[in-house]
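Colleague: Take a look and give me a structure for this.
(one chain, ligands or ions: 1)
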Amino acid sequence: MGLLVNGQWQDQWYDTDATGGRFERSEAVFRHWITADGNGDGEFKAEAGRYHLYASYACPWVHRVLIYRALKGLESMIEVSFVHWLMGENGWSFQSDEDNIVGDKLFDSRFMYEIYQKADPQFTGRVTVPVLWDKQQKTIVSNESAEIIRMLNSAFDDLGATAGDYYPEAQRQAIDSINDRVYNTLNNGVYKCGFATTQKAYDEAVVPLFDTLEWLESQLDNQRFLCGDQPLEADWRLLPTLLRFDLVYHGHFKCNLKRLVDYPNLWAYTRDLYQWPGISTTCNFEHAKLHYLKSHETVNPHRIVPIGPAIDFDEPHGREQLTNGA
Ligand SMILES: N[C@@H](CCC(=O)N[C@@H](CS)C(=O)NCC(=O)O)C(=O)O
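Modeller: Predicted structure coming up:
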């Protein structure tokens, strides 16, 4: 685990000394936008086969992008390369695995940092996934999942993407406000708990995290999804965190006041979204579990992977009757 400094790899864990033991996520650096006509920000025009996704099945931020790629039927337009689940001293790697999932289909690179070096030989910063690569301009379009999913939501529609707008104009304000709370306290909140190196930093993160879970539980009492009858962006951004909650965050990141299965609405809602057409194939729970437990040496020094928990996301969810506010 490390970062690039002036284009050179340095093995280094997160530094929480300067922030009172708090984990602070760095801002993504590549922030271009693909648009239908390429005029939005210059030259990044939506074209089938032009863009390539670098992904990890373990990562919840990547998972959003895989979900959108599936929802929008973009599998044949945007090919994907997966990294190995282990993030070791060289960061994400393409070391082959038994299941033949892993490998850089474009350049046959050994490490993910080589992709960043191609985009900027002097790059300084963390080497994160997801990365959306432009084969034409040979650079990274974006390494910010929140923005990549917005691009996939609409930019490829004229090229035959599956219909569906998950960020509709009329609901943007509601979606943004849910996203804001969920990102700060839950999506990123689990990391603030897990990577905290002082009791104070952990306490500051864990209380709002469970407040948000309680709030979501009550929101889902009489509506099927967060903004109504249909799953929208706020739901798809929340799902990857919920899918990993009991598996990883409850134990490994010490988010253990309650489990997801202790919230009846949230647990059924998670299964509802998991069972949505196309979604289950975006999940690889083995990669998720192994990644966290084996990569975070400071959190789990002996890298022992616990046996459980047994979770059945295929169990019927029974939330169909909430559609239309019934
Ligand atoms: N803002 C980014 C965050 C992505 C991110 O932090 N990904 C993690 C994997 S879950 C990563 O690659 N971490 C490597 C590192 O921090 O060095 C996004 O949402 O796309």
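
Colleague: Which part of the stretch 201-326 of the chain gets nearest to the ligand, residue-wise?
Modeller: Nearest to the ligand, among the residues of the stretch 201-326 of the chain, is residue 291, at 8.0 Å (C-beta to the nearest ligand atom). Heads up, the C-betas are built off the backbone N, CA and C, glycines and all.

Colleague: Surely that residue is within a strand?
Modeller: No: the assignment for residue 291 (DSSP: H, G, I helix; E, B strand; the rest coil) gives helix, which keeps it out of a strand.

Colleague: For it, which residues are in contact?
Modeller: 56, 58, 59, 85, 86, 87 (C-beta atoms under 8 Å, 6 or more residues apart in numbering).

Colleague: Hmm, residue 89 is touching residue 12, no?
Modeller: No: counting by C-beta atoms under 8 Å, residue 89 sits too far from residue 12 to count as a contact (9.8 Å).

Colleague: Overlap of the contact sets of these two?
Modeller: In contact with both residue 89 and residue 12: 1, 2, using C-beta under 8 Å, 6+ apart.

Colleague: hey, where'd the strands end up in the chain?
Modeller: Applying DSSP state E to the chain gives strands spanning 2-5, 8-11, 51-55, 79-82, 87-88, 91-92, 125-126, 131-134, 139-142.

Colleague: Distance to residue 303 and mean pLDDT added to those strands, as CSV?
Modeller: Converted to CSV, these look like this (distance: least, C-beta to C-beta, whole Å; pLDDT from 0 to 100):
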stretch, distance to residue 303, mean pLDDT
strand 2-5, 18, 94
strand 8-11, 17, 94
strand 51-55, 23, 98
strand 79-82, 21, 98
strand 87-88, 11, 95
strand 91-92, 17, 98
strand 125-126, 22, 95
strand 131-134, 26, 98
strand 139-142, 31, 98
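
Colleague: Adding distance to the ligand and mean neighbour count, write those out as JSON lines.
Modeller: Shown next, in JSON lines, are those (distance: least, C-beta to the nearest ligand atom, whole Å; neighbours: other C-beta atoms under 10 Å):
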{"stretch": "strand 2-5", "distance to the ligand": "6", "mean neighbour count": "18"}
{"stretch": "strand 8-11", "distance to the ligand": "11", "mean neighbour count": "13"}
{"stretch": "strand 51-55", "distance to the ligand": "10", "mean neighbour count": "24"}
{"stretch": "strand 79-82", "distance to the ligand": "13", "mean neighbour count": "20"}
{"stretch": "strand 87-88", "distance to the ligand": "6", "mean neighbour count": "20"}
{"stretch": "strand 91-92", "distance to the ligand": "6", "mean neighbour count": "26"}
{"stretch": "strand 125-126", "distance to the ligand": "4", "mean neighbour count": "18"}
{"stretch": "strand 131-134", "distance to the ligand": "9", "mean neighbour count": "24"}
{"stretch": "strand 139-142", "distance to the ligand": "8", "mean neighbour count": "22"}
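
Colleague: Chain neighbours aside, what residue packs nearest to the spatially most central residue of the chain?
Modeller: Residue closest to the mean C-alpha point of the chain, counted by C-alpha atoms, centre = their mean, is residue 61 at 1.5 Å. Distances taken as C-beta to C-beta, 6 or more residues apart in numbering place residue 145 nearest to residue 61, at 4.1 Å, with adjacent residues excluded.

Colleague: how many other residues sit next to the one you found?
Modeller: Here the number of neighbours of residue 145 (other C-beta atoms under 10 Å) works out to 25.

Colleague: go on, residue 105?
Modeller: Count around residue 105 with other C-beta under 10 Å applied: 12.

Colleague: what do you get for the one 10 residues further on?
Modeller: Other residues within reach of residue 115 by the criterion other C-beta under 10 Å amount to 25.

Colleague: okay but it is in contact with residue 141, surely?
Modeller: No: under the criterion of C-beta under 8 Å, residue 115 makes no contact with residue 141, lying 11.9 Å away.

Colleague: any common contacting residues for those two?
Modeller: Going by C-beta under 8 Å, 6+ apart, residues that sit against residue 115 and also against residue 141 are residue 133.

Colleague: these two touch, right, residue 251 and residue 306?
Modeller: Yes: counting by C-beta under 8 Å, residue 251 sits close enough to residue 306 to count as a contact (6.4 Å).

Colleague: Neighbour count: these two, which is higher?
Modeller: Using other C-beta under 10 Å as the criterion, residue 251 and residue 306 rank with residue 251 on top: 17 against 12.
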